[in-house]
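Asks: turn this into a structure:
(one chain, ligands or ions: 1)
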Amino acid sequence: MLKGKTVLLGVTGSIAAYKTASLASALKKLNADVYVLMTPNAVNFINPITFETLTGNKCLSDTFDRNFEYSVEHVSLAKKADVVMIAPASANVIGKIAHGIADDMLTTTVMACRCKKIIAPAMNTNMFENPIVQDNIDTLKRYGYEVISPAVGYLACGDTGAGKMPDPELLLEYILQETVCEKDMRGLRVLVTAGPTREKIDPVRYITNHSTGKMGYAVAKTCARRGAEVTLVSGQTALKAPEFVKTVQITSAKEMFDEVTARAQEQDIIIKAAAVADYRPKYVSAEKIKKHDVKADVTGSAQTDMAVLELERTDDILAYLGEHKKQGQFLCGFAMETQDLLENARKKLKKKHLDMIVANSLREEGAGFGGDTNVVTLITEDEEVSLGKMSKEETASHILDKILARMARRQREE
Ligand code: CTP
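Replies: Below you'll find the predicted structure:
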């Protein structure tokens with residue numbers, strides 16, 4: 001994923017320095033070329049040999065070390081870098097960079113870098129809240145540095161508060177956000193829906209479906225990595241809300257309808273991957289329905305144990321969006337079928353006034369609910385493109401490529 005990318009990791013003197021080893025390792029597993037730069041204080045917290053073993057590159061801390069491969073190491077590294085992350089960033093290094101002080105390998109290299117720089121402060125809460133540190137952080141932000149808010153929790157010094165370095169998984173997300181995709185969706189506002197809806201029967205029970213939300217989440221995440229401003233309206237899933245996406249959690253089809261339609265007019269693209277209930281119980285009982293409370297059909301002994309649940313139609317959100325589509329907006333639906341896939345999907349494309357529908361069959365191996373792969377056909381008014389079995393992330397990329405190509409074509413024709 002990061003092949004050909006150079007990541008510089010700056011490590012300063014903070015107890016959180018040990019966590020950066022996992023980050024270096026994760027980056028290396030994604031094939032990044034990783035260089036770790038340490039301040040002289042950082043080497044008191046973690047041995048450079050750890051980073052050298054994990055990255056396969058010399059760990060740099062002393063500007064005047066004469067065993068360098070290049071003549072002016074900090075400048076050549078700065079030129080190669082696709083992204084720099086300083087994690088953990090101490091109050092000291094934040095202050096130095098904010099004031100243009102470059103007196104060691106880390107600060108001189110950062111000063112020479114033109115790429116994106118991300119800072120993850122980690123320190124005692126009182127230090128972090130000190131107005132001088134806060135001013136320095138604001139200065140860095142003003143100069144285009146991205147500053148990750150520290151996590152709140154129990155700190156190594158025994159205090160509790162803001163100052164913890166976020167987990168390596170989150171730091172990795174920031175690096176991926178910066179490096180893995182071309183920002184070809186910058187300036188576009190995208191709304192994605194994902195997951196199942198739940199329709200209440202009583203306080204204990206509900207009707208739902210097998211959707212896990214994986215496909216919609218992959219679409220939302222990929223849109224964000226490509227630079228779009230993304231809102232994800234999600235049913236209840238086990239998935240973690242993606243970073244760099246505004247996630248709105250809903251439960252029922254009605255809530256999804258309200259949240260989606262309230263935002264629809266601001267969107268350039270709407271992608272409806274959610275599995276929305278078509279029916280909901282007509283009456284929701286305020287109390288738990290007891291067995292004998294159920295309206296049983298007791299006309300014959302064979303039916304004594306039957307219960308009848310009256311259902312009413314929910315609103316079709318996508319059909320509503322199709323009818324109220326704003327000029328230039330791109331509307332993409334999904335069709336999950338068990339039979340006559342393409343025929344049914346084509347009907348939905350027309351009926352709901354969509355620009356594209358992503359058809360997938362529950363019958364196809366590697367497609368459908370829950371798995372990490374999908375097999376889909378992208379259907380537009382005059383094109384049908386069948387994609388082979390691939391990860392949901394790759395499927396998401398193809399869907400977005402097609403949407404952007406169609407939007408560009410539409411603009412050319414206008
Ligand atoms: N959809 C929606 N609101 C609904 C039902 C469906 O917005 N109340 C959207 C889904 O998010 C999906 C598309 O419509 O993008 C197609 O959903 P699907 O369940 O395949 O089809 P339906 O239109 O519900 O038709 P049927 O259940 O009869 O196949």
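Asks: residue numbers of this protein in contact with the ligand?
Replies: When proximity is defined as Cβ under 6 Å from any ligand atom, the chain approaches the ligand at 253, 272, 274, 276, 278, 314, 316-318, 333-336, 348. Just so you know, the C-beta spots here come from the backbone N, C-alpha and C atoms, and that holds for glycine as well.
Asks: out of these, which is most surrounded?
Replies: Highest neighbour count within these, by other Cβ atoms under 10 Å: A274, with 29 neighbours.
Asks: how about the contacts made by that residue?
Replies: Shown in contact with A274 (Cβ atoms under 8 Å, 6 or more residues apart in numbering): 193-197, 211, 213, 216, 233-235, 256.
Asks: helices - which of those residues land there?
Replies: Here DSSP state H is the test, and those give 216, 256 as lying in helices.
Asks: farthest-separated two in the contacts of A274?
Replies: S211 and V233 (13.3 Å; Cβ to Cβ).
Asks: quick one: common contacting residues for the two?
Replies: 194, 274.
Asks: give the contact list for the residue in the stretch 1-150 of the chain positioned nearest to the ligand.
Replies: Of all residues in the stretch 1-150 of the chain, M1 sits closest to the ligand, with a separation of 28.6 Å (Cβ to the nearest ligand atom). Residues near M1 by Cβ under 8 Å, 6+ apart: 30-31, 176, 180.
Asks: most neighbours out of the residues you listed, which is it?
Replies: If you count neighbours using other Cβ under 10 Å, the busiest of the contacts of M1 is L176, which has 22 neighbours.
Asks: and the contacts of A274, which is closest to the ligand?
Replies: Once Cβ to the nearest ligand atom is applied, the member of the contacts of A274 that ends up nearest the ligand is T193, at 6.1 Å.
Asks: need phi/psi at the closest residue to K326 other than its chain neighbours.
Replies: In space, and not counting its chain neighbours, K326 is closest to Q265: 5.6 Å by Cβ to Cβ, 6 or more residues apart in numbering. Note on Q265: backbone dihedrals following degrees, to the nearest 10 are phi -70, psi -20.
Asks: gap between the helix-or-strand element of the chain with minimal mean pLDDT and the chain center?
Replies: Scoring the helices and strands of the chain by mean pLDDT, DSSP states H and E places helix 73-80 at the bottom, with a mean of 83. How far helix 73-80 lies from its chain's middle: 31 Å, per Cα atoms, centre = their mean, to the nearest Å.
Asks: if you count contacts, what does it end up packed against?
Replies: Packing partners of helix 73-80 (3 or more Cβ pairs under 8 Å, 6 or more residues apart in numbering; DSSP states H and E): strand 6-11, strand 33-38, helix 105-112.
Asks: give me the low-pLDDT residue ranges for the stretch 51-200 of the chain?
Replies: Applying pLDDT under 70 to the stretch 51-200 of the chain flags the ranges 63-74.
Asks: switch the cut-off to 50
Replies: 70-71 (pLDDT under 50).
Asks: ranges for the strands of it?
Replies: Along the stretch 51-200 of the chain, the segments classed as strands by DSSP state E, counting those that start in this stretch run 83-89, 116-121, 146-147, 151-154, 160-164, 189-194, 199-200.
Asks: as CSV, these with mean neighbour count would be great.
Replies: Converted to CSV, the strands of the stretch 51-200 of the chain look like this (neighbours: other Cβ atoms under 10 Å):
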stretch, mean neighbour count
strand 83-89, 27
strand 116-121, 24
strand 146-147, 16
strand 151-154, 12
strand 160-164, 19
strand 189-194, 26
strand 199-200, 19
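Asks: want to throw the ones you listed into CSV with distance to I137?
Replies: Formatted as CSV, the strands of the stretch 51-200 of the chain follow (distance: least, Cβ to Cβ, whole Å):
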stretch, distance to I137
strand 83-89, 9
strand 116-121, 7
strand 146-147, 5
strand 151-154, 16
strand 160-164, 12
strand 189-194, 29
strand 199-200, 46
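Asks: for those strands, which one sits closest to H353?
Replies: strand 189-194 (16.6 Å).
Asks: mind giving me the packing neighbours of the closest one?
Replies: Packed next to strand 189-194, using 3+ Cβ pairs under 8 Å, 6+ apart, are helix 214-225, strand 229-234, helix 253-264, strand 269-272.
Asks: please state the offset of it from the chain centre?
Replies: Distance, stretch centre to chain centre, for strand 189-194: 12 Å (Cα atoms, centre = their mean).
Asks: any idea how far T39 lies from S76?
Replies: Separation of T39 from S76 (Cβ to Cβ, to the nearest Å): 20 Å.
Asks: neighbour count for these two, which is higher?
Replies: Between T39 and S76, counting by other Cβ under 10 Å, T39 is the more crowded of the two (26 against 15).
Asks: show me what contacts the more buried one?
Replies: So T39 contacts 10-13, 61, 90, 92-93, 104, 106-107 (Cβ under 8 Å, 6+ apart).
Asks: same thing but 10 Å
Replies: 10-14, 17, 45, 61, 86, 89-90, 92-93, 96, 103-107 (Cβ atoms under 10 Å, 6 or more residues apart in numbering).
Asks: local confidence estimate at it?
Replies: Note on T39: pLDDT of 95.
Asks: show me the contacts for the closest residue to it other than its chain neighbours.
Replies: Leaving aside its sequence neighbours, T39 sits nearest to T12 (Cβ to Cβ, 6+ apart; 4.7 Å). T12 makes contact with 20, 37-42, 45, 86-94, 96, 104, 106-107, 121-123, according to Cβ under 10 Å, 6+ apart.
Asks: let's see 7 Å
Replies: Neighbour list for T12: 39, 41-42, 86, 88-90, 92-93 [criterion: Cβ atoms under 7 Å, 6 or more residues apart in numbering].
Asks: of all pairs in those, which one is the farthest apart?
Replies: N41 and I86 (13.1 Å).
Asks: pretty sure A32 is touching L9, no?
Replies: No: here A32 does not reach L9: they are 9.9 Å apart, not a contact under Cβ atoms under 7 Å.
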